[in-house]
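1. Got a predicted model here, sequence first, then my questions.
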Amino acid sequence: MRNRLTHCQSTMRHSLTHCQSTMRDNVTHCQSTMRYSLKSLVREAVLNQVVTHRMEVIQTLQIPRLAEQRISPLLCSHSRKTFSNHCSRTFVISDLQLLNT
């Protein structure tokens, strides 16, 4: 009887130790996964802010560009002799400015 009790206690201790070890491993893995997920979420949020900011900048730059693309040809066609030099200069300058941004 005493032998069985000692064996049972030993088995229970072993099971408890194994269970504690497994739980520690699971908690460590869970913490690691959560840290990685949090870093990923922060990285994604920062990227979204950068992309949003760049899109706003592009939209801000495109509004004058679109207006220029629509208005300048009308001016050029209205009086070719007067505006031909101005138009060619304007398009070259604006294209260079767009490339530099």
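-> Okay, I see it.
2. Show me what the mean pLDDT comes to for the longest helix along the chain.
-> Taking DSSP state H as the criterion, the chain has its longest helix at helix 2-78. For helix 2-78, the mean pLDDT works out to 80.
3. what's that helix packed up against?
-> Judged by 3 or more C-beta pairs under 8 Å, 6 or more residues apart in numbering; DSSP states H and E, helix 2-78 is in contact with helix 80-100. For glycine as for every other residue, the C-beta is placed from the backbone atoms N, C-alpha and C.
4. residue contacts, residue 14?
-> Not one residue lies near residue 14 by C-beta atoms under 8 Å, 6 or more residues apart in numbering.
5. Pull up the gap between it and residue 7, please.
-> As judged by C-beta to C-beta, to the nearest Å, residue 14 and residue 7 stand 11 Å apart.
6. Then residue 17?
-> From residue 17 to residue 7 the distance is 16 Å (C-beta to C-beta).
7. what do you get for residue 33?
-> 38 Å.
8. what do you get for residue 62?
-> Relative to residue 7, residue 62 is positioned 80 Å away (C-beta to C-beta).
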